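Chemist: sequence first, predicted model second:
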Number of protein chains: 4
Amino acid sequence: MLSETFNIRFYETDALRHVNNTVVPQWFETAREPIFKVFNPELDLDNWPLILASFTVDFVAQIHYGKAVTIRTGIQRIGNSSFVVYQEVQQANAENEQVVVAKGTTTLVQFDYVQQRAMPISDAHRAQLLEWLVPQ
Amino acid sequence: MLSETFNIRFYETDALRHVNNTVVPQWFETAREPIFKVFNPELDLDNWPLILASFTVDFVAQIHYGKAVTIRTGIQRIGNSSFVVYQEVQQANAENEQVVVAKGTTTLVQFDYVQQRAMPISDAHRAQLLEWLVPQ
Amino acid sequence: MLSETFNIRFYETDALRHVNNTVVPQWFETAREPIFKVFNPELDLDNWPLILASFTVDFVAQIHYGKAVTIRTGIQRIGNSSFVVYQEVQQANAENEQVVVAKGTTTLVQFDYVQQRAMPISDAHRAQLLEWLVPQ
Amino acid sequence: MLSETFNIRFYETDALRHVNNTVVPQWFETAREPIFKVFNPELDLDNWPLILASFTVDFVAQIHYGKAVTIRTGIQRIGNSSFVVYQEVQQANAENEQVVVAKGTTTLVQFDYVQQRAMPISDAHRAQLLEWLVPQ
C-alpha cells in the first residue's frame, strides 16, 4: 500500500477541538495522487481521465491536532472500467500506538470526456494498480 | 424534508472546472444545522451531543459554478441511539430542469461525552426527527 | 455598498472555538461575485478578465458560530487598470448590536490573458463600479 | 528562516486552473506552527496565547498544481507584545528556477485570555524569535 504522512493543519480543526469530519475526504484525495499519475503521468489538467463516482468514510476515533497522521492507500477491487480505492487514516493514540482513526473507500471510473463514456482499464494500468492491492 | 439554497463559492471549484468532490460533505454538514438544533437548541459548543459515525456520497453529475444549488435534507432511519440522514444536492441542468447531482447519507449517534457512551434518542427528539422523514 | 448575509458553517470554526482567520478571505471572494459580473457577466471560466494582486485583512473581534455574518462590499479606489475593493464582516455582539468584526481590502487588476498584460478599465465598467463607492 | 515544503492538494486549485488565492493564508498558518510552539510548546488548545491581528498577501505569479511549494517563514519585527511574521511561497518556474510566487506578513499579539489583554513578550521568547529574523 501507499503511505503518506501529513501534519494536521490548524484550520482543519473545528470548535469540537478535533479535526472536522469533512477534512478526511480532502486528505484521501491528496493521497490518491500516485493513482492519478498511473492514468495521467503529467497530471495534465486538460486530459483528466478519471471521475469520482462515490466515496464512503467511517470515523473510528477523534483525530487530534498536534500529532501527524499517516494515510495508507491501496486498491480494493478492479472492474472493467472502474476500481475501488481503500484508504485509512492512522494516528498515535494516548498509549502512543498507531491506530486507525478513519477509513473509507472511493470508486473511480476511467472516463473519456471527448466520447463522454467510461473506458476499459488497460492491462498495463491494471498491472500498476495491482501492485497496491490491499492484502485480504 | 428540509431545504436550503446556496450560491456556489468560487474557491469551491477545482482545476477540472466544476465543484470539487470534497465540498459536498461540507454543504451537507451545513444543511444539517436544523438537526443539530433538535439535540442542542443553543448550539452550545461545550455540550455537543452528536458524533458522526460515517458518511457516503454518490456523485451523479458535475456541479457547475454560477448556478445555485439546493440541499434537501431528510431522515432515512432512526435507531435506538443513532439515526441516518439522507441528503441530496440539486442544480439546474442545461435544459433548466432541477436535477439531483449528488446524494448521500450520514449516520449520527447521540453521545454522552461525560459518560463516553451512546445515549438513547428520547421520544421528543424522535418525534421532531420524524417530521423530516424521507418519503419512501 | 453591496451586502450579503451568510450563516457560518460549522467546519469554518477551529479549535479556538471561533471562525478560523483563513475563512474571511473566502467570504470576501464569495461576496465579490457581483464585481466579477461587471467584467464577466456570464462568469465565463474561459475568459476571466481579473487577477487578484493583493489582499489585507484586519481582525477586530472574534467571529462566533451560530450567528449570521453580513459582508459589506464597496469600491475604495479606481486606477487605470486596477481597483481596490473594501469589505467588512459584521456580526451581532453580546449586546445584539451589529458591529464590524473584520475588514480588508483587495486589489484587482483587469488582465488580458491572451496578450498577458493589464487592460485599462472602460468608462462603462468604471461607472458601474462607482455605484458601489465606499462613502468617505 | 524556517522552511517547509508541501505538495499542492488538488482541491486547493480552482476553475482558473491554478491554486485559489484564499489557500495561501492557510499555508502560512500551517507554516507558523514552530512559532506557535515558542509560546505554547504543547500546542495546548485551552491556553492558546496568541491572537492574529492582521495579515496581508501579495500575489506575484500563478501557483500551479503538480509542483511542490516551499514556504519560508521569518520574523520581520518584534514590538512590546506583538510581532510581525514575514512569509513567502516559492515554486519552480518554467525554467525550473525557484521563484517567489506569493509573499505576505502576519501580525500576531501575545494575549492573556483570562485578563483579556495583550501581554509583553518575554526576553526568552524574544530571543527565540530573533533566531528566525528575516535578513535585511
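Modeler: Right, received. Where do you want to start? Numbering: from 1, shown residues only, chains lettered A, B, ... in the order given.

Chemist: show me which residues of chain A are close to chain B?
Modeler: A:15-16, A:20-22, A:25-26, A:29, A:45, A:48, A:51-59 (CB under 8 Å from any CB of the partner chain). Just so you know, the C-beta spots here come from the backbone N, C-alpha and C atoms, and that holds for glycine as well.

Chemist: looking at those residues, which are in helices?
Modeler: A:25-26, A:29 (DSSP state H).

Chemist: and the residue most central in space within chain A, what pLDDT?
Modeler: For chain A, the residue nearest the mean C-alpha position is A:Phe28 (3.5 Å; CA atoms, centre = their mean). A:Phe28 carries a pLDDT value of 98.

Chemist: likewise for the one 4 residues further on?
Modeler: A:Arg32 carries a pLDDT score of 98 in this model.

Chemist: direction included, what does the lowest-mean-pLDDT helix or strand in chain A pair up with?
Modeler: Across the helices and strands of chain A, mean pLDDT, DSSP states H and E gives its lowest value to strand A:117-118, namely a mean of 94. Strand A:117-118 has these partner strands in its sheet, going by DSSP bridges: strand A:98-112 (antiparallel).

Chemist: pull out the buried positions in the partner strand.
Modeler: Buried residues in strand A:98-112, counted by 16 or more other CB atoms under 10 Å in any protein chain shown: A:101-111.

Chemist: any chance of those in a markdown table, with pLDDT and distance to A:His125 too?
Modeler: Shown next, in a markdown table, are these (pLDDT from 0 to 100; distance: CB to CB, whole Å):
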| residue | pLDDT | distance to A:His125 |
| --- | --- | --- |
| A:Val101 | 98 | 31 |
| A:Ala102 | 98 | 28 |
| A:Lys103 | 98 | 25 |
| A:Gly104 | 98 | 22 |
| A:Thr105 | 98 | 19 |
| A:Thr106 | 98 | 17 |
| A:Thr107 | 98 | 16 |
| A:Leu108 | 98 | 12 |
| A:Val109 | 98 | 13 |
| A:Gln110 | 97 | 8 |
| A:Phe111 | 93 | 13 |
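
Chemist: which residues does the spatially closest residue to A:Asp14 that is not a sequence neighbour contact?
Modeler: In space, and not counting its chain neighbours, A:Asp14 is closest to A:Asn20: 4.0 Å by CB to CB, 6 or more residues apart in numbering or on different chains. By CB atoms under 8 Å, 6 or more residues apart in numbering or on different chains, A:Asn20 lies in contact with A:12-14, B:29, C:10-11.

Chemist: ok, so of the residues you listed, who is nearest D:Thr70?
Modeler: Here the nearest of the contacts of A:Asn20 to D:Thr70, counting by CB to CB, is A:Glu12; it sits at 20.6 Å.

Chemist: number of residues surrounding the nearest residue to that closest one once chain neighbours are set aside?
Modeler: The shortest distance from A:Glu12 to any non-neighbouring residue, by CB to CB, 6+ apart, is to A:Val23 (4.6 Å). Look at A:Val23: counted by other CB atoms under 10 Å in any protein chain shown, it has 24 neighbours.

Chemist: state the distance from A:Val23 to A:Leu2.
Modeler: Look at A:Val23 and A:Leu2: by CB to CB, to the nearest Å, they are 19 Å apart.

Chemist: which parts of stretch A:79-99 are buried?
Modeler: A:82-91.

Chemist: thinking again about what came up before, could you identify which of the ones in helices among the residues of chain A next to chain B has the most neighbours?
Modeler: The residue in those with the most neighbours, by other CB under 10 Å, is A:Pro25 (27 neighbours).

Chemist: correct me, but that residue touches B:Thr22?
Modeler: Yes. Contact criterion CB atoms under 8 Å: A:Pro25 and B:Thr22 qualify, at 4.4 Å.

Chemist: can you map out the strands along chain A?
Modeler: Remark: strands assigned in chain A by DSSP state E are A:2-6, A:50-59, A:69-78, A:82-92, A:98-112, A:117-118.

Chemist: angle of the second one against strand A:98-112?
Modeler: In other words, strand A:50-59. Put simply, strand A:50-59 runs at 160 degrees to strand A:98-112, going by axes from the mean of the first three to the mean of the last three CA atoms, to 10 degrees.

Chemist: off-centre distance for strand A:50-59?
Modeler: 8 Å (CA atoms, centre = their mean, to the nearest Å).

Chemist: also the first one?
Modeler: Relative to the chain's own centre, strand A:2-6 is displaced by 10 Å; criterion: CA atoms, centre = their mean.

Chemist: roughly how far does A:Ala92 sit from C:Leu45?
Modeler: According to CB to CB, A:Ala92 and C:Leu45 sit 43 Å apart.

Chemist: ok now do the closest residue to A:Leu45 other than its chain neighbours, which residues does it touch?
Modeler: On the basis of CB to CB, 6+ apart, the spatially nearest residue to A:Leu45 that is not a chain neighbour turns out to be B:Ala15, at 4.8 Å. Residues counted as contacts of B:Ala15 (CB under 8 Å, 6+ apart) are A:45, D:10, D:13-15, D:17-18, D:65.

Chemist: which of the residues you listed sits closest to chain C?
Modeler: Proximity of these to chain C was ranked by CB to the nearest CB; the top entry is D:Ala15 with 4.7 Å.

Chemist: could I get the ones in helices among the residues of chain A next to chain B in CSV, plus columns for distance to B:Pro135?
Modeler: Conversion of those to CSV gives the following (distance: CB to CB, whole Å):
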residue, distance to B:Pro135
A:Pro25, 29
A:Gln26, 33
A:Glu29, 33
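
Chemist: hang on, the earlier thing: from the contacts of A:Asn20, pick the one nearest chain D.
Modeler: A:Thr13 (8.0 Å).

Chemist: so who does that closest one touch?
Modeler: Each residue near A:Thr13 by CB under 8 Å, 6+ apart is listed here: A:19-20, A:65, C:14-15.

Chemist: what about A:His18, distance to A:Gln98?
Modeler: Separation of A:His18 from A:Gln98 (CB to CB): 17 Å.

Chemist: quick check, A:Trp132 in contact with A:Arg72.
Modeler: No. Counting by CB under 8 Å, A:Trp132 does not reach A:Arg72; the two are 10.0 Å apart.

Chemist: shared neighbours, those two?
Modeler: In terms of CB under 8 Å, 6+ apart, A:Trp132 and A:Arg72 are both contacted by the residues A:1-2.

Chemist: what's the neighbour count on A:His64?
Modeler: Using other CB under 10 Å, A:His64 is surrounded by 20 other residues.

Chemist: not counting sequence-adjacent ones, nearest residue to A:Leu129?
Modeler: Counting by CB to CB, 6+ apart, A:Ile75 is the residue found nearest to A:Leu129 once chain neighbours are left out, at 4.8 Å.

Chemist: isn't that neighbour right next to A:Thr105, touching?
Modeler: No. Applying CB under 8 Å, one finds A:Ile75 not in contact with A:Thr105, separated by 10.4 Å.

Chemist: tell me which of the strands of chain A lies nearest to A:Ile35.
Modeler: Nearest to A:Ile35 among the strands of chain A is strand A:82-92; the distance by CB to CB comes to 6.5 Å.
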